[in-house]
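[1] need coordinates for the below:
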Amino acid sequence: MLDHLTVVTHPLVQHKLTLMREKDTSTASFRQLLREISLLLAYEVTRELPMTTQRIETPLEPMDAPVIEGKKLALISILRAGNGLLDGILELIPAARVGFVGLYRDPESLQPVQYYFKVPTQLEDRVCIVVDPMLATGNSSAAAVQLLKDNGARNIRFLCLLAAPEGIARMKEAHPDVPIVTASVDSHLNDHGYIVPGLGDAGDRMFGTK
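    Numbers count the residues shown, from 1 in each chain. From the prediction side, this is the model:
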């Protein structure tokens, strides 16, 4: 089982993340870097998938060869920024099933409100990887994971680009059984709930919006 928190320190991950943090990096470059870094992070989050063997024929002889066990993975994107990580992971795991969770933060209560939810069937039989570039307060992430659990998911992993200590603590409190894989644990959250030093709003930088 993965540790509760895995920080991917691979040189390529860290180099690409630095380029993404640069405020002058263009939308096109940011999007391409996010796709590239998501492939590398996906390698880590899928490291301990359950395996079995399958009888195959090589050109030379039959053999029992390793294959991933069980139903196809479910990738769950927290809209909208999660879609940036999703694209890269699907290049690596094209047969994965895909789901979407839409949440917004109520300005009065600051609590996440669900506006969209569409996920694959039989979540109880799938490894579910939840993707969102930023783990900031952790409230939306914790709510999304709870929605998946309410729909039967039992084996859930959370993949993000950046995490704040506050978000990590919130997730560990709410879902101690869900391991987190990230490229960096940054310093703190500012008064607006942004990760510092961070990289700004991942969705805005990815889609060229303000």
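
[2] please work out which residues outside the helix or strand encompassing Leu19 touch it.
    Assigned by DSSP states H and E, Leu19 belongs to helix 11-21. Outside of helix 11-21, the residues within contact range by Cβ atoms under 8 Å, 6 or more residues apart in numbering are 25, 29-30, 33-34, 36-37, 40-41, 161-162, 183-184, 197-199, 205. Every C-beta, even on glycine, is put in place using the N, C-alpha and C of the backbone.

[3] show the buried residues in the residues you listed.
    25, 30, 33-34, 36-37, 40-41, 161-162, 183-184, 198-199, 205 (16 or more other Cβ atoms under 10 Å).

[4] out of these, who's nearest Ile89?
    The shortest approach to Ile89 among these belongs to Leu41, at 8.0 Å (Cβ to Cβ).

[5] contacts only, for the closest residue to Arg205 other than its chain neighbours.
    Excluding the flanking residues, the one nearest Arg205 by Cβ to Cβ, 6 or more residues apart in numbering is Phe30, at 4.9 Å. Applying Cβ under 8 Å, 6+ apart to Phe30 gives the contacts 20, 205-206.

[6] tell me which element Phe30 falls in.
    helix 27-45.

[7] hmm, Leu79 is touching Phe100, no?
    Yes: using Cβ atoms under 8 Å, Leu79 is in contact with Phe100, at 5.7 Å.

[8] shared neighbours, those two?
    Counting by Cβ under 8 Å, 6+ apart, the residues touching both Leu79 and Phe100 are Tyr116.

[9] which residues of the chain fall in helices?
    Assigned by DSSP state H, the chain shows helices spanning 11-21, 27-45, 82-92, 139-150, 165-174, 202-207.

[10] can you lay out those as a markdown table showing mean pLDDT and distance to His4?
    What follows is those, written out as a markdown table (pLDDT from 0 to 100; distance: least, Cβ to Cβ, whole Å):
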| stretch | mean pLDDT | distance to His4 |
| --- | --- | --- |
| helix 11-21 | 96 | 19 |
| helix 27-45 | 93 | 13 |
| helix 82-92 | 90 | 20 |
| helix 139-150 | 94 | 13 |
| helix 165-174 | 95 | 6 |
| helix 202-207 | 87 | 23 |
